[in-house]
Structure formats: C-alpha cells, structure tokens
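Student: just need the structure, nothing else, for what follows:
(3 chains)
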Amino acid sequence: MSEQPLRRRASVKAAEVLKSSDNDDMDRDSSDSSDDFDAPKSSSAKKATKASHSKAEVSDSDDDVPLSARKQSKPTAANGNVPQNKRAANGSSRNSAANDDNGNDSETSDAPVTKKSKTAAEKKVDDENENGDNESDEDDDDVPLSKKKANGDVKAKKTPVGKKDTAAKRKLKVEESAVTPAKKRKTPAIKKSGTPVKNEKKGEDDDNDENADEEEEEEDQFAWWKDGALDTSEKWKTMEHQGPVFPPAYVPHGIKMKYNGAPIELEPDSEEVATFFAGIIGTDYEQNKTFCANFFRDFLTVLKKQKKTCPIKEFAKCDFTPIYQHLQEQKELRKAMTKEQKQKIKEEKLALEEKYGWALFDGRKEKVGNFRIEPPGLFRGRGDHPKTGTLKLRVMPEQVTINIGKEAKVPEPPAGHKWGSVVHDNTVAWLATWKENVNDNIKYVLMAATSSLKGQSDLKKFEKARELKKHIAKIRRDYTDGLKDKVMATRQLSTALYFIDRLALRAGNEKGEDEADTVGCCSLRFEHVTLEPPNKVIFDFLGKDSIRYYNEVAVDEQVFKNIKIFKREPKKEGDMLFDRLNTAILNKDLTKYMTGLSAKVFRTFNASYTFQKELNSTPADGTMQEKILAYNRANRQVAILCNHQRTVSKAHTAQMGKIQDKVRGYKYERSLIKKALLEVDPKLKKKRPELLEDESDVDDDFVQRYLTGLEEKEKDRVAKALEKENEKRKAEGKAPLKELEKKKSVPTPLESLSVEKLEKKLEDMGKRIETTKLQIIDKDENKTTALGTSKINYIDPRISIAWCKKYDVDLEKIFNRSLREKFHWASHLDDDWEF
DNA sequence: ATTATCGACTCAGAAAAATTTTG
DNA sequence: GCAAAATTTTTCTGAGTCGATAA
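Tutor: Numbering: from 1, shown residues only, chains lettered A, B, ... in the order given. You can find the predicted model right below:
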C-alpha cells in the first residue's frame, strides 16, 4: 500500500553522531539510582517484604486485570511486521540529553531520604503475584523498593491532593488563577527584556536598511508579550473576518475514460471523481489496494446517482489514462503560460488573500491561516490507513459554522446558500468549522502562525516547558523509585515516564480500528519492544504519521527487568505492554507536579534543553559558516531525538556524487596551483613541505574524468553559444556560421603568476574546498532528518535569538521570514536569557 | 465511576510553489 | 545572462495530544 518511499536510516551511522556523553549519562543515572535507593539485598529482607504484603496481594488481585480488558489484543496479523519500507529511526542508543539535570541536582541523594523516612509507614504496599513468582532478582528489589515507593507515593500524593481538589472543582476560572501566579513570575523577565531590546533593535536597523522595512512596523504592532497577560480564555472582545473561501465549482472537461476498452461518457459528478483518481496515477496510491477499493466503492456510489445508468462494475476494467493524459497536458499548458498570464494568476491569488486572508481581532488586523475550505478529493491517509482512497466530499456552506463577533457583519455565504450556523464564541480560536465526511473529523479555519493568538499560546507552551525544569529532578527521582514499586500500575507508569523523559516518546493515545495502526509510549505493544541482555531495549514501531521509530537503547537495570515483567507470559504479540496505563492516567499523575503538565511537555522541554546544551559547542571564533553548521548540528540532534524524518529525495545519491566530484575537482585545481607555486619559487619546497603532498582522493582516473568533463562542458558551451548566435543571425537574415571565431580566452598559465597571487589562489581554493566539504557533511547528515519540525514547534526561539546575539550571527541566517514573523514575540530578550 | 466520544488545538511530512544557485 | 537544477519556503491537510463531556 501506500508504499512510503524507501527511506531508511543506518543505525550504524547514527551511532557515530552520538555523543559519548550518552553513556556517561546512563552510567551516572544508574549509579544514582543505586546510591539513592538500593538497600542491601538480603533474602530475609525479601521474605519479610513478601510476607507483609501477602494480604495486599489478595485484595489487589484486580491489579492484574489489564485496564483495557475490553480491548483484547488486536489482530496480530496487522501488528507483527513492520513494513520493510518504513524508515528506521536514527540512533542506536541515544539518550535524552536532558539527563544532566540529574547530575546537577546535588540534592538527589538527600531529598529522597528525608521524604522516605517520613512516609514509608503509612503507605500500603500492594504486592502483585507477578512480583512474587518473578525473576529471582525481583525479590531483592522489593525490599528497598517498597520502602522507597511508599514514600514516593505518599509524598507525591499528599502535596498535590490539595491542588487536585481545586483542579477537580475547577472550571476555567480555577485554572486561570492557578496559571496566573506562574505568569506573573515570568512577566517581569519578559517585560524587562521587551523595552531595552527595542532600542537595540533600532540600532540594528540602522545598519541594515532592508530589515528596517520588515520590522519597522513593530511600533504599531500589538506587543502582547509586553503586558505579560497570557490569559487566553477570552480571545477577543470584537472580531470580524470575511469567512472562508470555497473551492471553485467543478468544470467538466468531457474527456472520456474507458471501460473494458470502450470510451464512457460520464456525467460531471462522476467525471470529477474519475478525475480525482486519474490525478493519483503514477503515485504509490495507484498500486494501493485499499486505496483503489475505497475509491471504487465511492465511485460506484456516485455513478449510481447518474441519470443514465453506467456500465461500470469492475475496477479492473477501468482505464483512467485518457483523463490522466489530459491532466498532464493541462500541466504542460500551465507551465508554458506566458509571463503575463502567470502574473495575472498571481495577482488574482493575491487579491483573494487581501480580502480573505485577514481578520480583525479587537480592531487589530491579523493574518488568517487556512481560510480556504478544503476541496473535494480522495482521502490520502498516511501509512496503512483503512480509509485511504475514500471520497472526500465537497463541503457546502450549509455545513459550515461561522464564528464571529456579535457586532460584526456576518460574511455573505456563496450565492444561493446559507451558513449552517453563526456563533459568537470568544473562548475558541476558530473562525469557521465544519465536519469532514471521511473520518468525521472536525476541521477549523484558524489564525496564521504569525498571529498574536498563536504567538501567545506558543509562549505559553515554552514557559510551561521551562517550568518543568524546576520539577524535573523530583519527577526523575519519583519515577526512578517507582520503577521498583510493588504496584504494577505504578511500575508501569514509572517505566513509561522513564521512556517519555529519556527518549522523548509521544504519549500514545489509543486508536480506533478505522485508523492506521500506530503507537506512542502508552500504547506500545508486546511486539514493539524487544530485550537484548544485559541491558538493551530495542524499540521498533510505527509512530505518528506511520513514521518508523527504531532505537536501541541501553537502559537502567530496573527498566530492563520491568519490561521483562511486562512482557511475561501469557502476554503475546498484540497485547499492550503497559496494560495498566493509558495517557489519561499518566497525565493525571503528572499534574500533581505542576499544573498543566502532560506528556507532551517533556518533548518540548527535552528538545529545547538539548538544543541549548548542544549549542554550547559553537566555535566562538569560528567563521560564520562554522557557527551556522554548529547551529544546524544542534538542530539536528533535536530532530533525531524527536525522530523527525523526511524522505530521501530520489536524486540524493546522484547529488552527493556530484558534489563530491566538485570537491575533487577543486583539489585537482589546487594541486596545479601548488605545482606552479613550487615552480615559481622552488625555495618553498623546503619551507613548505606540505606543498609537495598529494591531494587525497584525487587519482589519475578521476583527473582523466574531470578533464574530459571540462572539455565536454566547454564544447557544450561553445555549441550553445553558436546556436544562439545563429538564431540571432537568422532573425537578422544573415547566414548561419559554422563556428564561432572567438575562441575562449586562454587562461593565464599559473606559472606566470606571482608568488603572492598564487598564494592567494591557494588559500581561496582551500577555503572553497572546506566550505564544500562542510556542505557535504551537512547534506549527508540531513539526508533523512527533517530539521524544520523541531525548529518550528519544539525549540524555544529565544534560545536561537540569544545564540545569535552571543555569537554575532544575523537572525536571518537561521530564521527565514516566516520564522522571524512567527517568533516576533521572542525577539526582545535579555542578553543572559536562558531556557 | 469509568469509559467512550467529542472538541479544539498542536504538530507532521508531502507536495507545490518560489527562490537561489549553477553551469 | 539564461535555463535547468537544486534548495528553500509555503501550503495543505492528516495525525496526534489532551481536557471536557456524555453515556
């Protein structure tokens, strides 16, 4: 199906990229845990523990019942094999770089102890059967664990209980009040930075006129980040917009598809659907059985509604190629349009954006995002989506709900139509909404990323992640404790949290049968995780968007043991790994540490934290190129951590070869310069012995190829020039030439240049080689890694902006215009800003 | 009281379009 | 200086997360 284009990561290669510090982190961590928690393991202690819990064992028997008894194991067939064509995640053993926090916390060892002693007694410890009859080492753990666990649990629960109660009661209001203090704390920092930076900005503008234009309007812009009011429960007082734009009505082309070899006349509605299919010919979807089956089912339904009955019965007898060809022709025509025609289209598009692309929020003009209603087509699910190919119907105004200010004029629906309804809800961010027919999903027209609405929630998101920094040490202590807990549910929760924290896994909600089978942390199944003694866990599953996550990780001893337990008989393929855990439980537990804390916050935190840490390796005295390479490297580390991938372009290998040859060509040129240099000044032989060295990577074979290549290119060039000249002559009515008289200017022989000039040339060539080499490295490392997603969504932009200041790099070098606009709110900050 | 569903929004890669580089 | 190729940016919309609400 849906063959994802072949893409794959060599984990071997990835390993090279890994920081050696990873291991250190791990080691440190595990030793931490032993320091903190490991009590002497004596068999008597074991027994004692067991005994004392035997009661609990009974009462807790239901602990054995998986949360999702309802959800029996999924059909294994679907699960077992990861399609070969899915790409592998990078990295054989990457750890989240955030582990450092553990180390920093000098109190790691102290804190737990005190807490422990307090609470241990009160906590009931539940024993599970599993624990009992388990591996021999299991028992050892119990002793210290129970103690520990007890404390952890109690303290954990106690503190938050108060909070929780509030939370339970709470409606928006409570949440707000809870959030506000945090906000306030932050506000000064933001505010402080806001004003002073502005001055600086002006200074910059002086140097750089072009930017001045771009950011000049700043003064008029709504500087919401200055008031520090991040209350987003009420999003506006007044709001107006022009409504969404509907796709143009279908214009029949009259091209006949064939059925059983015979041309078939289709009525417009069916022709449109047939044309949708013709549009995917040549893609992987064409070979995808599910896609074709779903399409054909819906195609038949549409055909049935025709006035004239249609003979089409079997997909195999359909031939859409005439329509496909027509589409290709249209494409050609579009390509061949004159400049004027293209210009006209562009202007029309611009005019549309001018009208519909903006909304007024409290009088401020802000950019709307997707103001176009999605056009009909064939649903293109990703991965093995059961509904892929299903006909996505045209959305009618009657299905659309408009959200707009009470006083504002309601936009006119298309002629002859009415809006489904009109509401005035200022607690939501959407301007319009409708329900899509394929998956019954709700779609929204929302503001663009540059809008203050989005900016505010972005800032909020990153501030939340920063707040996690304050709690992370405790959270880590707690889940490390929890790894050995007697209660299976706690143990699972702790193990899951360990993965989410270390590996930046997604939470992993459960999915329905009518969706692609993908998983996240909580929804991992038996077959997604394998163990390799002594301490390696191998993850191999399809995550969001059916992107393969493959990772071999060395984990704490206890984690390894736990997975072994979680996978123990009678569990088998298709069964949930964490059968007593789901995202609701996990997130609910997390809120005890911090309001608003949920699994995804760890990803943001981890990404930004890692990024900032990685940026420290920027060479302060390096060239601009080197600095930017360091930036991109850091970015890449984050992308790898988050498993952000992209398909390798078909041309990649060829492109790599080309650019490598380019370097070799340069090297050859350099060798010529060296030779000339030595000829001109033979004394250099002694002074500069390196001039005698051969260039690596440049063999006779290559030189031959290179020279021939140059020759051919020259021939080509001359031939083209001639052709052009002749055309010109023809136009002027002159006879064509056989040959251009002007010979290429003969380059000055190197030997005739001065030593200085040669030295200069040598240096230039060296630089060129270095830059190109860096490009190669960059390109190869980027082959399967998509940097954009993390840059846009996970990395706090203030880290980048602070970095630019510190290393004197123009922001334009790392943020394109959209990014600069999107992160405008972050551009004013103190010099010493840290994530 | 759970659990299932819904609603709203963030985040995701592919594809299309625009821009820059190259030869 | 131009066309083609390569690269970057933008658009598009599907796929998650997560809290609220209904059953």
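Student: what is the neighbour count of A:Ala249?
Tutor: 9 (other C-beta atoms under 10 Å). The C-beta positions use only the backbone N, C-alpha and C, and glycine is treated the same way.
Student: now it, what's its secondary structure?
Tutor: Following DSSP: H, G, I helix; E, B strand; the rest coil, we place A:Ala249 in the coil state.
Student: is it true that A:Gly516 touches A:Asn439?
Tutor: Residue A:516: Ala, not Gly. No - A:Ala516 is beyond contact range of A:Asn439, at 11.2 Å (criterion: C-beta atoms under 8 Å).
Student: who has more neighbours out of the two?
Tutor: The neighbour comparison of A:Ala516 against A:Asn439 (other C-beta under 10 Å) goes to A:Ala516, with 19 against 16.
Student: ok, the nearest residue to the more buried one once chain neighbours are set aside to A:Asp545 distance?
Tutor: Spatial nearest neighbour of A:Ala516, excluding adjacent residues (C-beta to C-beta, 6 or more residues apart in numbering): A:Gly383 at 4.1 Å. Relative to A:Asp545, A:Gly383 is positioned 7 Å away (C-beta to C-beta, to the nearest Å).
Student: comparing the two, which shows the higher neighbour count?
Tutor: For A:Gly383 and A:Asp545, the more surrounded residue by other C-beta under 10 Å is A:Gly383, and the numbers stand at 21 against 11.
Student: and the stretch 251-400 of chain A, which residues reach DNA strand B?
Tutor: A:283, A:346, A:349 (C-beta under 7 Å from any atom of the strand).
Student: pull out the buried members of the residues you listed.
Tutor: Not one of those meets the buried threshold, by 16 or more other C-beta atoms under 10 Å.
Student: I'd like these as CSV, with distance to A:Met488 and pLDDT appended.
Tutor: Output for those, formatted as CSV (distance: C-beta to C-beta, whole Å; pLDDT from 0 to 100):
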residue, distance to A:Met488, pLDDT
A:Thr283, 47, 90
A:Lys346, 62, 85
A:Lys349, 58, 89
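Student: which stretches in the stretch 701-835 of chain A count as helices?
Tutor: All helices of the stretch 701-835 of chain A, identified by DSSP state H, counting those that start in this stretch, fall at A:755-781, A:788-793, A:797-807, A:817-822.
Student: closest one to DNA strand C among the ones you listed?
Tutor: helix A:817-822 (3.0 Å; C-beta to the nearest atom of the strand).
Student: show me what the closest one is in contact with.
Tutor: When contacts are defined by C-beta atoms under 8 Å, 6 or more residues apart in numbering, helix A:817-822 is touched by residues A:214, A:449-450, A:454-455, A:458, A:791-792, A:797, A:811-812, A:827.
Student: kindly recompute the last result at 6 Å.
Tutor: Defining contact as C-beta atoms under 6 Å, 6 or more residues apart in numbering, one finds that helix A:817-822 is touched by A:449-450.
Student: report pLDDT for the residue nearest to A:Ala516.
Tutor: A:Gly383 carries a pLDDT value of 94.
Student: whichever strand or helix holds A:Ile472 vs DNA strand B: in contact?
Tutor: In this structure, A:Ile472 sits in helix A:452-482 according to DSSP states H and E. Yes - Helix A:452-482 is in contact with DNA strand B by C-beta under 7 Å from any atom of the strand, via A:454, A:457-458, A:461.
Student: helix or strand right after that helix?
Tutor: By DSSP H and E, the next helix or strand past helix A:452-482 is helix A:488-503.
Student: what mean pLDDT does that next one have?
Tutor: pLDDT averaged over helix A:488-503 gives 96.
Student: right, and the helix or strand after that helix?
Tutor: Counting by DSSP H and E, what follows helix A:488-503 is strand A:529-532.
Student: so the very next helix or strand once past that following strand versus helix A:488-503, what angle?
Tutor: Following strand A:529-532 in sequence order, the next helix or strand is strand A:536-542 (DSSP H and E). Here strand A:536-542 runs at an angle of 80 degrees relative to helix A:488-503 (axes from the mean of the first three to the mean of the last three C-alpha atoms, to 10 degrees).
Student: list the buried residues in the helix or strand following strand A:536-542.
Tutor: As assigned by DSSP H and E, the chain's next helix or strand after strand A:536-542 is strand A:548-554. Of all the residues in strand A:548-554, those buried under the rule 16+ other C-beta under 10 Å are A:548-554.
Student: report the buried residues of stretch A:390-399.
Tutor: A:390-392, A:394-395, A:397, A:399.
Student: likewise for stretch A:438-446?
Tutor: Buried residues in stretch A:438-446 (16+ other C-beta under 10 Å): A:438-439, A:443, A:445-446.
Student: next one: stretch A:402-422
Tutor: For stretch A:402-422, the neighbour count (16+ other C-beta under 10 Å) marks A:402-405, A:411, A:413, A:419-420, A:422 as buried.
Student: ok, the residue lying closest to A:Leu303 once chain neighbours are set aside to DNA strand C distance?
Tutor: Excluding its sequence neighbours, the residue lying closest to A:Leu303 (C-beta to C-beta, 6+ apart) is A:Cys310, at 4.5 Å. From A:Cys310 over to DNA strand C the distance is 27 Å, taken as C-beta to the nearest atom of the strand, to the nearest Å.
Student: didn't A:Cys310 look like it was pressed against A:Val302?
Tutor: No - in this structure A:Cys310 lies outside contact range of A:Val302 using C-beta atoms under 6 Å: 9.5 Å.
Student: tell me which stretches of the stretch 201-350 of chain A form helices.
Tutor: A:209-216, A:224-227, A:268-278, A:289-304, A:321-335, A:339-356.
Student: which helix or which strand is home to the residue nearest to A:Ala516?
Tutor: Here A:Gly383, judged by DSSP H and E, is contained in no helix and no strand.
Student: hmm, it is touching A:Glu515, no?
Tutor: No - counting by C-beta under 6 Å, A:Gly383 does not reach A:Glu515; the two are 9.4 Å apart.
Student: buried stuff in the helix holding A:Ile472?
Tutor: Using 16+ other C-beta under 10 Å as the test for burial, helix A:452-482 gives A:452-456, A:458-468, A:472-482.
Student: cool, stretch A:512-525 as well?
Tutor: A:516-525.
Student: and the end-to-end length of that stretch?
Tutor: Length of stretch A:512-525, first residue to last, C-alpha to C-alpha, to the nearest Å: 15 Å.
Student: if I look at A:Lys686, how far off is DNA strand B?
Tutor: 37 Å.
Student: what about the residue nearest to A:Asp694 when sequence neighbours are not counted, which helix or strand?
Tutor: Excluding its sequence neighbours, the residue lying closest to A:Asp694 (C-beta to C-beta, 6+ apart) is A:Ser671, at 7.3 Å. Assigned by DSSP H and E, A:Ser671 belongs to helix A:652-680.
Student: wait, doesn't A:Ile538 sit right on A:Thr530?
Tutor: Yes - using C-beta under 6 Å, A:Ile538 makes contact with A:Thr530 at a distance of 4.7 Å.
Student: residue contacts, A:Leu629?
Tutor: With contact set as C-beta under 6 Å, 6+ apart, A:Leu629 has these partners: A:Leu774.
Student: do the same with A:Met594
Tutor: A:His471.
Student: now swap in A:Asp501 and tell me
Tutor: A:Asp501 sits in contact with A:Phe602, where contact means C-beta under 6 Å, 6+ apart.
Student: quick check: the gap between it and A:Asp589.
Tutor: From A:Asp501 to A:Asp589 the distance is 13 Å (C-beta to C-beta).
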